[in-house]
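>>> With the input below, show me the fold.
(one chain, ligands or ions: 1)
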Amino acid sequence: MTDPFVIFTPSGQRGRVAPGTTVLAAARALGVDLDSVCGGRGICSRCQVAPAFGAFPKHGLTTTEAALSPRNAVEDRYDRIRGLAPGRRLGCQAEILADAIIDVPPESQVHRQVVRKRAEARAITMDPATRLHYVEVREPDMQEPSGDLQRLERALAEQWGIPDAKGDLRTLQMLQPALRKGDWKVTVAVHRDGPEARILHVWPGYYDGGIYGLAIDVGSTTIAGHLCDLATGEVRASVGLMNPQIRFGEDLMSRVSYAMLNPNGAAEMTKAVREALNTLAGQAAAEAGIERALIFEAVIVGNPVMHHLVLGIDPVELGQAPFALATADALHLWAEEIDLTLHPDARLYFLPCIAGHVGADAAAVALSESPQLSDDLMLVVDVGTNAEIFLGNRARVLACSSPTGPAFEGAQISSGQRAAPGAIERVEIDPVTREPRFRVIGTDAWSDDPDFPPDTAITGICGSGIIEVIAEMRLAGLVDASGLIGSAEATGSPRMVAQGRTHAYRLHGDILVTQGDVRAIQLAKSALYAGARLLMDQFGTDTVDRVVLAGAFGAHISPRHAMVLGMIPDCDLARVTSAGNAAGTGARIALLNVAARREVEALVGSIHKVETAIEPRFQEHFVAANAIPHATAAFPHLPP
Ligand code: FES
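Alright, predicted model coming up:
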């Protein structure tokens, strides 16, 4: 009689196995992705499968319930205590007796994919560095005087194929009571990132209380963190707080100056940001309802100055040419080395930096958006005080940073403010009457809607609002291609206000758009466009296939208005998309998929960096980009 033929879905992996082979063993033999924490002892239920019975002409198979052994006592006990869904079997208990088709549901796949909200975004495949393993350890024996740790290490090697897991003093301190309390059965959290595997924690018996990781993006203005379940990838909490370093300087250069001018300046800023990281970890754990000691890992990204300050490295070298990083490499540390209170043995991973101006946050954006995997030529712009720009496809990826300044965030704008309730964020100007309508953060209605709350406090314009209003002014003929605001006589609009030799547009009450505002946005957008154009020169192209706007601010920019202003090169507007906080997403990918860490390290090593400060053509492009949208470049995709 021939051995049973088994097909696993959805992977399609198939082959013959000896009758009586468990589904879990068959899956392992055929390379099928089927989870197990207890190693096939019928405890964890991670191995659940759904066998399919009937005629399957597509596969040339007919299967019956007799294809698998009947439910055994272990499954019955599991069903009684925790419940087994109808049609489900424990893969480690069910034996294959005849031809079978067995579905592995997503929650039983080790490398299950975590859903990302954007349809075109790359999926995150679960492969975390820290995992749980249930092991049975041999009891001590007078005949063989080995230590408990050595027998645990041997059990991990024999039962899980982890030959080199090492425990430290803390492991030793918890090991003996855990082994005895668990009757020589324990669950261990093992961290492997690179050649070394480390035992981080030991629980008596079977532990399924969850282990967690934090993905943190340290921005100059805000710090954001996602607390993720390391088994499922689920985001259990997302928290954000202001970076308390703001009291030392609004932007990066003022913080570097603070470090230069004050003997303890860098140390003060390090202390402030580390306190904030601890607050963030505490808030995330509280929001998720877990103990923060169950956070076993954190992945941290940030621009070079934030990266250095979190690490306690003086950022002074980043403030002057040649902008030398202390290290560009990825870092593996203990959380306690940066005073971060998580699990006492929690590990940290810092993504690599790309260059002195292009940090680990940009590396995370590259990991999230993956231009190196794109057939299309992709332009990725992370818009902030400094814009980080990538251009590339499968052939190669180029990167630069461009000094856009803070105008896009509402700074240096006469009525500018941060994106907060009360800020005008969307603007439309009627091209005939030149009358504006706008929307304010905190309300859903437009200003001319009957349900616009009459008592709305309108406090200023945020970054997206200033881009939209200037683009709308250009479309309505209130600003010419050189950026000059017209007078009331020239435009016929009573909203134009004379200010000495220049003019301003009254948007609402005393909120004006001044000539200085238009100039500030022109400088910022010229820097952004010039950086992108420089990369296009180096790539040898005049066009790009796709544009991705990243960063919290990028999430709010209207692609059409960005193109009307000439912030980005011409592109089909349908192919200009927003990636939201791509740096935070990149940090989450690196947290949940250890292979992605090697991928980003290799990518950063292969990216060709273009230094805008020493490229003579940058200035040329900058000057030409000062016009709205541009002095010479064509924008055929702009609506007429
Ligand atoms: Fe744990 Fe089957 S592998 S219950």
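>>> Which residues of the protein lie near the ligand?
Counting by Cβ under 6 Å from any ligand atom, the positions of the chain adjacent to the ligand are 24, 36, 38, 40, 42-47, 90-92. To be clear about C-beta, it is placed using only N, CA and C from the backbone, and glycine gets the same treatment.
>>> How far off centre is the helix or strand hosting Val469?
Element membership for Val469, per DSSP states H and E: helix 463-475. In terms of Cα atoms, centre = their mean, to the nearest Å, the centre of helix 463-475 is set 29 Å apart from its chain centre.
>>> contact partners of that helix?
Outside of helix 463-475, the residues within contact range by Cβ atoms under 8 Å, 6 or more residues apart in numbering are 407-410, 413, 416, 419, 423-429, 431, 436, 438, 461, 479, 481, 485, 505, 507, 513, 517-518, 521, 553, 556-558, 560-562, 564-565, 567, 628.
>>> can you do 6 Å?
Counting by Cβ atoms under 6 Å, 6 or more residues apart in numbering, helix 463-475 makes contact with 408-410, 413, 424-425, 427, 429, 479, 505, 513, 518, 521, 553, 556-557, 561, 564-565, 628, all of which sit outside it.
>>> One more: stretch 127-134?
Outside of stretch 127-134, the residues that reach it under the criterion Cβ under 6 Å, 6+ apart are 37-39, 111, 160, 187-193, 206, 230, 296-297, 592-595.
>>> mind listing what's buried in it?
By neighbour count on 16 or more other Cβ atoms under 10 Å, the buried set for stretch 127-134 is Pro128, Ala129, Thr130, Arg131, Leu132, His133, Tyr134.
>>> Work out for me the element the residue of the stretch 101-250 of the chain found nearest the ligand sits within.
For the stretch 101-250 of the chain, the residue positioned closest to the ligand under Cβ to the nearest ligand atom is Tyr134, at a distance of 7.6 Å. Here Tyr134 is covered by strand 130-136, with elements defined by DSSP H and E.
>>> CA atoms only for the helix or strand that that strand is followed by, dumped as PDB, please.
Stepping forward along the backbone from strand 130-136, the first helix or strand reached (DSSP H and E) is helix 148-160. Backbone C-alpha positions of helix 148-160 (Å, rounded to 0.1, in the frame of the first residue of the first chain) are rendered in PDB as follows:
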ATOM      1  CA  ASP A 148      20.100  23.100  35.600                       C
ATOM      2  CA  LEU A 149      21.100  25.700  33.000                       C
ATOM      3  CA  GLN A 150      23.100  23.200  31.000                       C
ATOM      4  CA  ARG A 151      20.200  20.700  31.000                       C
ATOM      5  CA  LEU A 152      17.800  23.500  29.900                       C
ATOM      6  CA  GLU A 153      20.200  24.500  27.100                       C
ATOM      7  CA  ARG A 154      20.400  20.900  26.100                       C
ATOM      8  CA  ALA A 155      16.600  20.500  26.100                       C
ATOM      9  CA  LEU A 156      16.300  23.600  23.900                       C
ATOM     10  CA  ALA A 157      18.800  22.100  21.500                       C
ATOM     11  CA  GLU A 158      17.100  18.700  21.400                       C
ATOM     12  CA  GLN A 159      13.500  19.800  21.400                       C
ATOM     13  CA  TRP A 160      13.700  23.100  19.400                       C
END
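>>> Tell me which strands whatever helix or strand comes next after helix 148-160 pairs with, and in which orientation.
Read in the C-terminal direction, the helix or strand following helix 148-160 is strand 165-166, with elements assigned using DSSP H and E. With DSSP bridges as the criterion, the sheet partners recorded for strand 165-166 are strand 197-204 (parallel).
>>> hang on, the earlier thing: keep only those of the residues of the chain next to the ligand that are in helices.
When those are checked against helices using DSSP state H, the ones located there are Leu24.
>>> before we move on, back to that, what angle sits between the strand holding Tyr134 and strand 197-204?
Angle of strand 130-136 versus strand 197-204, following axes from the mean of the first three to the mean of the last three Cα atoms, to 10 degrees, is 60 degrees.
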